[in-house]
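1. Quick one: sequence plus predicted model below, questions after.
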Amino acid sequence: MSIRTTRNAKSIVAKSTELALAVPQVVAHRVARMANAGPTLSARDLKEFNGMVAEKHVAFAQAWQAMATHTMLASQAMVFSFARSFWSPTRAKNTPAKVAAQVRGLALGVLGKGLAPVHRKATANARRLGRSKRR
């Protein structure tokens, strides 16, 4: 496994861990807020509850777009890699192990691109809601 692939894998693990810690905090804060709000919502509660739906749509749309773009670029990189190996004088450049490592690295890249917007929004919410006072 190359250094870049190892670094990408560690980054995905770190982001997943941070996400796993941030999400329960955000959910707990928002559920407590819903319980305390009662039948009449304040302007602050209404803004928060509307925002929590909209932010998910935006984050997941950004994730899908980033993954689709990265998948297209990764596919092009694979095609160029195979084409280069066919036109090279020695076709031993693309061994099965190298191809597997390249595919693994590209898959980690796609996963990382998809995780980034969701991670960014969830951790930002955890920081923001951690600073706010519950009523």
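-> Right, received. Where do you want to start?

2. Not counting its neighbours along the chain, what's nearest the most centrally placed residue in the chain?
-> Nearest to the geometric centre of the chain sits Leu115, at 0.7 Å (CA atoms, centre = their mean). Distances taken as CB to CB, 6 or more residues apart in numbering place Lys15 nearest to Leu115, at 5.3 Å, with adjacent residues excluded. Quick note: C-beta positions are derived from backbone N, CA and C, even for glycine.

3. Please identify the helix or strand for that neighbour.
-> helix 3-37 (DSSP states H and E).

4. Would you mind pulling up the elements that the one helix or strand Val79 maps to packs against?
-> Element membership of Val79, judged by DSSP H and E, is helix 43-87. Counting contacts by 3 or more CB pairs under 8 Å, 6 or more residues apart in numbering; DSSP states H and E, helix 43-87 packs against helix 3-37, helix 96-131.

5. Can I get those in CSV including distance to Ala61 and mean pLDDT?
-> Below are these laid out as CSV (distance: least, CB to CB, whole Å; pLDDT from 0 to 100):
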stretch, distance to Ala61, mean pLDDT
helix 3-37, 18, 86
helix 96-131, 8, 90
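
6. how about TSV for those, with distance to Phe80 added?
-> As requested, those are arranged in TSV below (distance: least, CB to CB, whole Å):
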stretch	distance to Phe80
helix 3-37	18
helix 96-131	11
